[in-house]
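Chemist: No sequence on hand, only this structure:
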């Protein structure tokens, strides 16, 4: 990423003391830092969407158990997962065609996580168990789509690079 900034200084060579010179500097963002910030931003978006889904689901379904899925686990686990995910994404970027491989791998991982979530037996009560699976499936889908779509998109987005990074 290129960060543009100007430094204003008084021009010592000028006879007019109010003359300013403006020097232009560029800062190029290292690829790992760009990947890290892109992934953390995608994780932040996924966290906010997951929190909104959590609130809406719990409100509409009157689902109360919060032992596993709660605000603190969504915030910390989601961001930790995306931090690890970005390191993996950066490794894939080093390989020819790595972005496509990354997308395929995380699409398959998301499908696998959905399949495994369907098999979860959290409660003895059938109704609570179905509600838990529905809540968990929503969060798995949100995080999987964010990994699959947002991380590569944000990494290669020029507007994101210019305005956010």
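Modeler: Nice, I can see it. Since the model is a prediction, treat every value here as computed from it, not as a measurement.
Chemist: Residue 100: neighbour count?
Modeler: Around residue 100 there are 12 other residues, counting by other C-beta atoms under 10 Å. The way it works is simple: take the backbone N, C-alpha and C, and place the C-beta from them, glycine included.
Chemist: low pLDDT regions in the protein?
Modeler: 1-28 (pLDDT under 70).
Chemist: mind checking the longest helix of it?
Modeler: helix 31-61 (DSSP state H).
Chemist: buried ones in that one?
Modeler: 34-43, 45-47, 49-51, 53-54, 57-58 (16 or more other C-beta atoms under 10 Å).
Chemist: My guess is residue 110 contacts residue 141. True?
Modeler: Yes: judged on C-beta atoms under 8 Å, residue 110 makes contact with residue 141 at a distance of 7.2 Å.
Chemist: Against which helices or strands is the longest helix of the chain packed?
Modeler: For helix 31-61, the contact count by 3 or more C-beta pairs under 8 Å, 6 or more residues apart in numbering; DSSP states H and E identifies helix 71-93, helix 126-145, helix 151-156, helix 158-163 as packing neighbours.
Chemist: Could I get those helices in CSV, plus columns for mean neighbour count?
Modeler: Below are the helices and strands packed on helix 31-61 laid out as CSV (neighbours: other C-beta atoms under 10 Å):
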stretch, mean neighbour count
helix 71-93, 17
helix 126-145, 17
helix 151-156, 20
helix 158-163, 12
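Chemist: now the ones you listed in a markdown table, with distance to residue 120?
Modeler: Compiled in a markdown table, those are given as follows (distance: least, C-beta to C-beta, whole Å):
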| stretch | distance to residue 120 |
| --- | --- |
| helix 71-93 | 15 |
| helix 126-145 | 6 |
| helix 151-156 | 26 |
| helix 158-163 | 35 |
